[in-house]
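Enquirer: Sharing a model that was predicted from the sequence below.
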Amino acid sequence: MGRVVVDVMPKPEILDPQGKAVAGALPRLGFDGFVSVRQGKRFELEVEGDVTPEVLEKAREAALTLLSNPVIEDVVAVTDASGEGH
């Protein structure tokens with residue numbers, strides 16, 4: 001079985017209240033040096049067989065159609081994660 005990972009992030013011009021909350025909490029918890037945080041979404045899609053270029057293209061189409069809201073989000077990566085060791 002193969003696995004495709006799709007990463008979706010808010011568009012840069014869209015406010016990210018969750019990211020802002022995390023950015024505020026980091027220094028309070030002793031994690032200094034981070035100036036901003038953007039929080040996105042990660043989807044893992046398992047497929048039968050190998051991850052081929054055709055499978056990646058189908059996953060990209062699914063990401064643009066269903067997994068993201070194109071008004072406020074960008075699909076930033078669609079990758080073969082079969083070899084990640086998860």
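Expert: Perfect, thanks for sending it.
Enquirer: only C-alpha atoms for contact and neighbour calcs from this point on.
Expert: Noted.
Enquirer: the strands in the protein, which residues?
Expert: In chain order, the chain shows strands spanning 2-10, 41-47, 73-80, with DSSP state E as the criterion.
Enquirer: any idea which of those is most buried?
Expert: strand 2-10 (a mean of 20; mean count of other Cα atoms under 10 Å).
Enquirer: helices or strands next to that one in the packing?
Expert: Packing partners of strand 2-10 (3 or more Cα pairs under 8 Å, 6 or more residues apart in numbering; DSSP states H and E): strand 41-47, helix 53-62, strand 73-80.
Enquirer: Dump it to CSV, restricted to CA.
Expert: Extracted C-alpha coordinates of strand 2-10, given in CSV (Å, rounded to 0.1, in the frame of the first residue of the first chain):
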residue,chain,number,x,y,z
GLY,A,2,1.1,3.5,-0.7
ARG,A,3,0.4,6.8,1.1
VAL,A,4,0.0,10.3,-0.2
VAL,A,5,0.3,13.3,2.1
VAL,A,6,-1.5,16.5,1.3
ASP,A,7,-0.6,19.7,3.1
VAL,A,8,-3.0,22.7,3.1
MET,A,9,-2.2,26.1,4.6
PRO,A,10,-4.2,29.3,5.0
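Enquirer: and it, what's its mean pLDDT?
Expert: For strand 2-10, mean pLDDT is 97.
Enquirer: partners of it, with directions?
Expert: Paired with strand 2-10 in the same sheet, following DSSP bridges, are strand 41-47 (antiparallel), strand 73-80 (antiparallel).
Enquirer: relative to helix 53-62, how tilted is it?
Expert: On the basis of axes from the mean of the first three to the mean of the last three Cα atoms, to 10 degrees, strand 2-10 is oriented at 30 degrees to helix 53-62.
Enquirer: mean confidence for the longest helix anywhere in the chain?
Expert: Determined from DSSP state H, the single longest helix within the chain is helix 17-28. Averaged over helix 17-28, pLDDT sits at 96.
Enquirer: Thank you, goodbye.
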